[in-house]
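**Student:** Sharing a model that was predicted from the sequence below.
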Amino acid sequence: MKKSLVALALMGAFSAAYAQSSVTIYGTLDAGIIKRTGATVAEGKRDNNKLGFKGVEDLGSGLKALFQLEIRYEPDTGTIEGTTRPLFQGQSRVGLQGDFGTVRLGRGLTAFQESITAFEPWAGMPNPAGFQTDLQVAGYVTTFGSGSDPLGPAGNSGNRFSNAVWYNSPVFGGMFQINTTLGTKENDGLATAIIGHGTAAAPQYPVGANGVAPYSISATATNGPGALMLAYERNAVETKFWSIAGSVKPIEDLKLMASYQQQDQTETVLINPKTKAWVLGANYTVGVTLIRAGYGQKTPDNVLNNPNLVKTKQASLGADYNLSPRTYLYVEGSNKRQATVINTFAMGIHHNF
Amino acid sequence: MKKSLVALALMGAFSAAYAQSSVTIYGTLDAGIIKRTGATVAEGKRDNNKLGFKGVEDLGSGLKALFQLEIRYEPDTGTIEGTTRPLFQGQSRVGLQGDFGTVRLGRGLTAFQESITAFEPWAGMPNPAGFQTDLQVAGYVTTFGSGSDPLGPAGNSGNRFSNAVWYNSPVFGGMFQINTTLGTKENDGLATAIIGHGTAAAPQYPVGANGVAPYSISATATNGPGALMLAYERNAVETKFWSIAGSVKPIEDLKLMASYQQQDQTETVLINPKTKAWVLGANYTVGVTLIRAGYGQKTPDNVLNNPNLVKTKQASLGADYNLSPRTYLYVEGSNKRQATVINTFAMGIHHNF
Amino acid sequence: MKKSLVALALMGAFSAAYAQSSVTIYGTLDAGIIKRTGATVAEGKRDNNKLGFKGVEDLGSGLKALFQLEIRYEPDTGTIEGTTRPLFQGQSRVGLQGDFGTVRLGRGLTAFQESITAFEPWAGMPNPAGFQTDLQVAGYVTTFGSGSDPLGPAGNSGNRFSNAVWYNSPVFGGMFQINTTLGTKENDGLATAIIGHGTAAAPQYPVGANGVAPYSISATATNGPGALMLAYERNAVETKFWSIAGSVKPIEDLKLMASYQQQDQTETVLINPKTKAWVLGANYTVGVTLIRAGYGQKTPDNVLNNPNLVKTKQASLGADYNLSPRTYLYVEGSNKRQATVINTFAMGIHHNF
């Protein structure tokens, strides 16, 4: 008969409860100098900065348990990302992986938001030249009431689901994959009502209101030098979003990318509820240098009759000079035309650890 | 004569200051789906989620230095626990261990709160079927002015001492252990006055008031298949709490548990200041499955003459299906009767790393 | 032609993107008991408490990439330092090191603030006996509008630059080093206007105002048993600060230190804008014990004619009893005379990991 000693602070007993795991610490520290039209020279970032913890446990028979926790932060001030976002803004997910694919629970990028970065010339890096947080998602994360998380706290990331379940299929035939994310109806902390088709007194989504269960689905196909993505997402206030994207490598050192996306806010926005956008991009490798180039446009619905809904046009060009597989220096510029023109120039260092 | 070069950013000098330590990263990521009576299906957790850092340094002669820092977080949203709790909500403690026992300073569970989990059928896991945060502590962490930390910030954990010293004795004769926690009188940030026997104009504990020095003591005895605990705690506003608990393993795969606890708020509550509770529980192992079952009641003072102080009755049943010593799937349900009846059903995955 | 599979949640692919790095986790946990004149016995700290992550990547040809992220926290309550400071209050920096020296971007101590700690008998540890945060910097981090970061959020650390670039020269001839920190003009979040030479209606630095680009420079020389430092700093509101400091080891076990510093707030303060301070200190090693002693004075401008600007006089004495190169027990006391006299006595444990 085993004895289970009831005793506290026995340090030797700490790790006896289970076999020692191997947690991997990883991250990114990217900092640079940015000059934007009309702003003072500032220090900032090009990529999202991360400090993460992850691990995989082999459960036998091809089954694995996996977890990942990812802090996001601002390198120029040392605060967490956006100063108000969750500690594990990057992701907090746990799940199982096997022949059936991968199932995870928690918080993270939606299936669409995670898939589209492969078709964006800045690989989803948001600042300042990238297209991910505006054109690549048709404004889907920046307009009030839209985005993947419209019922989240103000300033929270708009391209993630909290309270969700992820499923990634195996890669069928080495080519096809289906990814889905399904959230609960839970209100995640929205502090301002969404009036929508209601009134100020009786808003469509009052503070604290639950939404509909949001979901996101992406399908990808890879065949030799070519890749294709189809994605559809519906958020908790029934904004609909879809996208098609493709990439091709005509030569090994060149990757060409194109995407089209459309957002439909008919359920909450009275006039001009649709936004369309497209982005073209290229990545070209020359020795240890990677050239990034992109151009895109975003067109709100009925823009010709509504001068306040101006088109957005963005052109970006940049270069990464790789010092190692983990570290590069970069320089980049972008020209973004909306009601005004904003030129941005940035240079910095990007280090993965 | 040694030379001490004054120079900055010499990376090689970083670790030269002391021998390399071995910090252990550990944690728990538990996420599941919960359905409560009257609430929408939600994603949540069963256990407290942790990301911790700890280490032991051998100082020679049987003496060890030890530290532990433990982040708590919500896996479904990525925020820190409760969104407002301290970063190291789990614990932040440093101390020495030797023949004399273990002495630590910092913040953590009190001696009682840490000991009682061994006698709770959910091992102290709070949601949703566990008994720890209500019946197992006679409401001691949930009622205003009670709990181990009544002078802490609102929403803070009520079962810890900040500003405290812990002593855990050695395990005498392989059986007996004494654990004590002694806090300072410091006000830890309570933002609302405790009126108590005072008035709104002259509350018993105004905002910022110091309390009395709180303390907690537990004694445990383990003998073969049986274990016993006695505990007494007095918090900073002189609420008194005591508990007796026992467990026995009639066969190796079965552990039966029982506890009784009583809270006395006479010093701050004018009428019905006493709360009593008991919990019965069982853990039964069948192959790789652990069955958890429990039933408990909590009775406020003078309940028959005071219909607002209704009894709480809770019954819970659950099962853990172990995929490995570190990972299991669980399913559980509970029925909790107070003024209303709340049924809860949950299923999820629990992963230690 | 390489194929770039577009697929999500392939755990095996996680670390394939770059060679495995080796992140070092390090930190300090220091907790003790403090008694101050007029205050209840409290638990607190002597040193800043840290949990850090750092790494060095060898890029070949003598070039290295390096990063460092450092959390600061309060061990007695588990909160982040000051409860409102940035998560990575200690530092968040990334950069390159080579024959040319070290260049880093991010947030951290200024060149002066990082250099002066070598000439302070408590090595920059702030509480309660150390001189770093008051006398050693002539009040430079404690007076409103002064400090290295006067445009930062209230309660933020005042001895760091956010949005800055660091350069540390090589150590020339094994003796000389130059360190510089240059910040941008960015307002870092000051929530209260600095009236200065303006009026309440038209303050010199309104909320959100940019400042001038702040900078800090220190030069150090080490020659056998002696070391010398010269430093100059100008913050974002044009407060000027300079310091000279020296140390000598007449015998191997004794280090004597002296520093003088002067702060000039002429640009924002109308009367008595200058503060002068000096500190004398000694570290004496006896076996495994290190004795720390110090005395210093701080004199505001024109103090004789302005009794509100009283002198500060502080005497401190302490001892570290080393249990290992990483862990020591300490006891210390200080007597600080300003308008009132505050005596402080503290004892505790200091553990590096």
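**Tutor:** It's in. Worth saying up front: this structure is predicted, and the values here are computed from it rather than measured.
**Student:** Any buried residues in the helix or strand containing A:Ser115, and which?
**Tutor:** Assigned by DSSP states H and E, A:Ser115 falls within helix A:111-116. Residues A:Ala111, A:Phe112, A:Gln113, A:Glu114, A:Ser115, A:Ile116 are the ones in helix A:111-116 that count as buried (16 or more other C-beta atoms under 10 Å in any protein chain shown). In short, each C-beta sits where N, CA and C put it, glycine included.
**Student:** Of those, which is the nearest to C:Thr83?
**Tutor:** A:Gln113 (33.2 Å; C-beta to C-beta).
**Student:** residues contacting the closest residue to that closest one other than its chain neighbours?
**Tutor:** Leaving aside its chain neighbours, A:Gln113 sits nearest to A:Asn159 (4.3 Å; criterion: C-beta to C-beta, 6 or more residues apart in numbering or on different chains). Residues in contact with A:Asn159 (C-beta atoms under 8 Å, 6 or more residues apart in numbering or on different chains) are A:Leu109, A:Thr110, A:Gln113, A:Thr133, A:Val137, A:Tyr140, A:Val141, A:Gly147, A:Ser148, A:Asp149.
**Student:** In its sheet, which strands sit next to the strand or helix carrying A:Ala282, and in what direction?
**Tutor:** When elements are assigned from DSSP H and E, A:Ala282 belongs to strand A:274-286. Its sheet considered, strand A:274-286 pairs with strand A:254-264 (antiparallel), strand A:289-300 (antiparallel) by DSSP bridges.
**Student:** Run through the stretch 201-350 of chain A and note the low-pLDDT ranges.
**Tutor:** A:304-307 (pLDDT under 70).
**Student:** How about it: which residue is closest to chain B?
**Tutor:** A:Asn210 (5.5 Å; C-beta to the nearest C-beta).
**Student:** And for that residue, nearest residue in space, chain neighbours not counted?
**Tutor:** Nearest in space to A:Asn210, with sequence neighbours left out and distances taken as C-beta to C-beta, 6+ apart, is A:Lys185 at 4.3 Å.
**Student:** What is the neighbour count of that neighbour?
**Tutor:** Burial measure for A:Lys185: 16 neighbouring residues, criterion other C-beta atoms under 10 Å in any protein chain shown.
**Student:** Verify the assumption that it is located in a helix.
**Tutor:** No. Read with DSSP: H, G, I helix; E, B strand; the rest coil, A:Lys185 is coil and lies in no helix.
**Student:** Contact partners for it?
**Tutor:** Contacts for A:Lys185 (C-beta under 8 Å, 6+ apart) come out as A:Asn210, A:Gly211, A:Val212, A:Ala213, A:Ala236, B:Thr40, B:Val41.
**Student:** And it, how far from B:Thr79?
**Tutor:** Using C-beta to C-beta, to the nearest Å, A:Lys185 is found at 19 Å from B:Thr79.
**Student:** cool, and A:Phe119?
**Tutor:** The value you get for A:Phe119 to B:Thr79, if C-beta to C-beta is used, is 31 Å.
**Student:** try A:Phe100
**Tutor:** 30 Å.
**Student:** Show me which of these two is the more surrounded one.
**Tutor:** B:Thr79 (24 against 12).
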